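**Student:** Would you be able to build a 3D model of this:
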Amino acid sequence: MPYRFVLEVPEGVHQDAKIAVEESQDAEILIERHPHVLDPNDAFAELTVVCHSLGVVDNLYQWATTTGLRDNIFITAHKGPRVSLADHDAPTLRRLIQGDQYWFENTVPRITHRIDPVMEGGARVAEVPFGGRRAGSASSVPATTTLDLGTIDNVAVNVRDIRHAEEFYTDFFGMHVSYRARQVDDRWEDLGNDYTYDEGIRTGVIPEIVRLENGAVSIVLINVGAAATMYEPRVAYISLSVPMETLNHLRGRALFQNYPVVEDTPYSFGFEDPFGVVWQVVATSQ
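**Tutor:** Have a look, this model is predicted:
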């Protein structure tokens, strides 16, 4: 998980704090410490929180405001100062944690075990004769459910050198750049059509994502940093454009099955299926 910070809460409410953290779906308590103090009224529990995103910060502020404990809750980032929730709002605190751990998110690899591309029976994928659509409809097995999946919006690919990757796909597949963007605070900033990588090197402004298109085919390049080691699959996720009804249906099934959630907003949802494929589902209309 890319973010880590220590959450200090009064000993008497540490169980409630753990619930507030774990309700964020992509956050969990890694280490729990209960330092011994002489005065029970001054006792604080130290909870080391790890998370994929910083949505947990909003949960903590909501919980602290509801309970009136903002003055007694503190957060210490990886190398940052110890700050009180009462002295900062949620966006400021997220910026503090992000700025403190920018190196961690962009350089530390997400290490997983690769699974050899084999099918049932031991045959390698490359040895299987069928790779496209079957001619005709013979031997077709009907679906067990009816669902409108819309279209594939994009395939997202992790790359270490986003400039080199952009040059390759625009030249090899004849794709054009739809946009280049980087994240600033809680929003994405379009770098504009006049952006150049030479100027970006001088200013330190490098795209975090680049969308490339050629007709119905779209690739989103995700800059994971030059130091990242690619143990995990290069394809970050597959994005589907679907009706709102389908989005809500898939969200409900994924949550019911307790699949890992990577994104959850009113109009988009991302989850990892049992085979390690990450799907992003986006509503075609809001």
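**Student:** those helices in the stretch 101-250 of the chain, which residues are they?
**Tutor:** All helices of the stretch 101-250 of the chain, identified by DSSP state H, counting those that start in this stretch, fall at 102-107, 162-172, 197-203, 244-256.
**Student:** Next secondary structure after the longest one?
**Tutor:** Per DSSP states H and E, helix 244-256 leads on to strand 261-265 as the next helix or strand towards the C-terminus.
**Student:** Show the subsequent helix or strand relative to that next one.
**Tutor:** The first helix or strand that comes after strand 261-265 along the chain, using DSSP H and E, is strand 268-272.
**Student:** Grab the CA positions of that next one and hand them over as PDB.
**Tutor:** Output in PDB follows, covering the C-alpha atoms of strand 268-272 (Å, rounded to 0.1, in the frame of the first residue of the first chain):
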ATOM      1  CA  SER A 268     -17.300   4.800 -11.000                       C
ATOM      2  CA  PHE A 269     -16.200   1.700  -9.300                       C
ATOM      3  CA  GLY A 270     -13.000  -0.400  -9.400                       C
ATOM      4  CA  PHE A 271     -12.300  -3.800  -8.000                       C
ATOM      5  CA  GLU A 272     -10.000  -6.800  -8.400                       C
END
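**Student:** can you give me the angle it makes with helix 244-256?
**Tutor:** Angle, strand 268-272 to helix 244-256, by axes from the mean of the first three to the mean of the last three CA atoms, to 10 degrees: 40 degrees.
**Student:** please renumber so the chain begins at 195
**Tutor:** Done: numbering now begins at 195, and the last item shifts to strand 462-466.
**Student:** how far out from the middle of the chain is strand 462-466?
**Tutor:** Distance of strand 462-466 from the chain centroid (CA atoms, centre = their mean, to the nearest Å) equals 9 Å.
**Student:** who's in contact with Asp467?
**Tutor:** Residues in contact with Asp467 (CB atoms under 8 Å, 6 or more residues apart in numbering) are Tyr453, Trp473. In this view, the C-beta of every residue, glycine as well, is placed from N, C-alpha and C.
**Student:** what number of residues lie near Asp458?
**Tutor:** Neighbours of Asp458 under the rule other CB atoms under 10 Å: 17.
**Student:** What's the separation between it and Asn348?
**Tutor:** Distance, Asp458 to Asn348, by CB to CB, to the nearest Å: 19 Å.
**Student:** same question, His358
**Tutor:** Look at His358 and Asn348: by CB to CB, they are 20 Å apart.
**Student:** What backbone torsions are found at Asp342?
**Tutor:** Asp342 adopts backbone torsions of phi -90, psi 110, taken as degrees, to the nearest 10.
**Student:** Surely it is in contact with Val436?
**Tutor:** Yes: applying CB atoms under 8 Å, one finds Asp342 in contact with Val436, separated by 6.7 Å.
**Student:** ok, those two, which is more surrounded?
**Tutor:** Val436 (21 against 10).
**Student:** check contacts around that one.
**Tutor:** With contact taken as CB under 8 Å, 6+ apart, Val436 is in contact with Asp342, Leu343, Gly344, Leu444, Val475, Val476, Ala477, Thr478.
**Student:** Which residues are in contact with the second one?
**Tutor:** Same thing as Leu343. Counting by CB under 8 Å, 6+ apart, Leu343 touches Leu434, Val436, Thr440.
**Student:** can you confirm Ser218 is in a strand?
**Tutor:** No: applying DSSP: H, G, I helix; E, B strand; the rest coil, one finds Ser218 to be coil, outside a strand.
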